[in-house]
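Visitor: mind folding the following:
(one chain, ligands or ions: 2)
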Amino acid sequence: MEKKESAATIFWHRHAVTKEDRQRLHGHKSLMVWLTGLSGSGKSTIANAVLLELFNKGISAYLLDGDNLRHGLNSNLSFSPEDRKENIRRTAETGKLFVDAGIIVLSALISPFREDRLNARNILGKGNFIEVYIKCPLEECEKRDPKGLYKMARRGEIKQFTGIDQEYEEPEAAELVLDTNESSMEKAVDTLVTFIMEKII
Ligand SMILES: Nc1ncnc2c1ncn2[C@@H]1O[C@H](COP(=O)(O)OS(=O)(=O)O)[C@@H](OP(=O)(O)O)[C@H]1O
Ligand SMILES: Nc1ncnc2c1ncn2[C@@H]1O[C@H](COP(=O)(O)OP(=O)(O)O)[C@@H](O)[C@H]1O
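Guide: Numbers count the residues shown, from 1 in each chain. Ligands and ions are numbered 1, 2, ... in the order given. Okay, the predicted model is just below:
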């Protein structure tokens, strides 16, 4: 999005309590864990189960789910490539605030375009972001069709549906790939929780 004000008139305020102070209070580092994948690949299911496991371990975590954000913060955005870009930018900026607050933030957005995911990575900054590809073939996602959206897209009732009449660009350098066609949900959750714990403790 185009910047509305010049840097000369906007000031940065330093606060008395820092990110490091808050991380110490929580007893762990903070991090954004960005889940990307087709609709029906398992992003929400896995993120939700990981959230619960982290909570049970005493880790402060929060989940930003694409569907839920589109009810509020991102409710004015469509599924055009431009609006998806803005959706991802806002979610990354929100995630950055959570990381600054000392919290683990998981996000579950299709985020189909490499450039937008790279932008999210750059917004968060080195060491604060891991990209997790929830990998599943389109045919399997379409078979699962948990919300009946693929059927609607095939009937032409939804336009610009990812995988049907809009592209999904597979990650080329994700920190972690979880194949939900090849292995169980429990295995994926266990792998991701272990990966996160190694980074934050
Ligand atoms: N056209 C189209 N394409 C893709 N998805 C659609 C579309 N229309 C509605 N939905 C529903 O919106 C959810 C995806 O929203 P996201 O914010 O994750 O999308 S994106 O990151 O901006 O690409 C997606 O959620 P998930 O199925 O959980 O991925 C759908 O429930
Ligand atoms: N290995 C697996 N991991 C995650 N979900 C799976 C797996 N196998 C089957 N599923 C099912 O696939 C569906 C994924 O839906 P959802 O989590 O909403 O996906 P997304 O958020 O990516 O759209 C759920 O109904 C879930 O039970």
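
Visitor: could you tell me which ranges of this protein sit under the pLDDT cut-off?
Guide: For the chain, applying pLDDT under 70 flags the ranges 1-5.

Visitor: quick one, strands of this protein?
Guide: In the chain, the strands defined using DSSP state E lie at 31-36, 61-65, 104-108, 129-135, 176-179.

Visitor: now do the first one: everything it contacts.
Guide: When contacts are taken as Cβ atoms under 8 Å, 6 or more residues apart in numbering, the neighbours of strand 31-36 outside the stretch itself are 43, 46-47, 50, 92, 95-96, 98-99, 104-112, 117, 120-121, 124, 128-134, 171, 174, 192, 196, 199-200. Every residue, glycine included, has its C-beta placed from N, CA and C.

Visitor: who does it pair up with?
Guide: strand 104-108 (parallel), strand 129-135 (parallel) (DSSP bridges).

Visitor: tell me which of the ones you listed sits most buried.
Guide: Mean neighbour count (mean count of other Cβ atoms under 10 Å) peaks for strand 104-108 among those, with a mean of 27.

Visitor: ok, back up a step: of the contacts of strand 31-36, which ones also sit close to ligand 2?
Guide: 43, 46, 108 (Cβ under 6 Å from any ligand atom).

Visitor: including distance to ligand 1, could those residues go into JSON lines?
Guide: Below are the ones next to ligand 2 among the contacts of strand 31-36 laid out as JSON lines (distance: Cβ to the nearest ligand atom, whole Å):
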{"residue": "43", "distance to ligand 1": "6"}
{"residue": "46", "distance to ligand 1": "11"}
{"residue": "108", "distance to ligand 1": "7"}
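
Visitor: quick check, nearest of those residues to residue 76?
Guide: Each of the ones next to ligand 2 among the contacts of strand 31-36 was scored against residue 76 by Cβ to Cβ, and residue 108 proved nearest at 20.2 Å.

Visitor: would you turn the strands of the chain into JSON lines with distance to residue 17?
Guide: Shown next, in JSON lines, are those (distance: least, Cβ to Cβ, whole Å):
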{"stretch": "strand 31-36", "distance to residue 17": "19"}
{"stretch": "strand 61-65", "distance to residue 17": "19"}
{"stretch": "strand 104-108", "distance to residue 17": "19"}
{"stretch": "strand 129-135", "distance to residue 17": "23"}
{"stretch": "strand 176-179", "distance to residue 17": "32"}
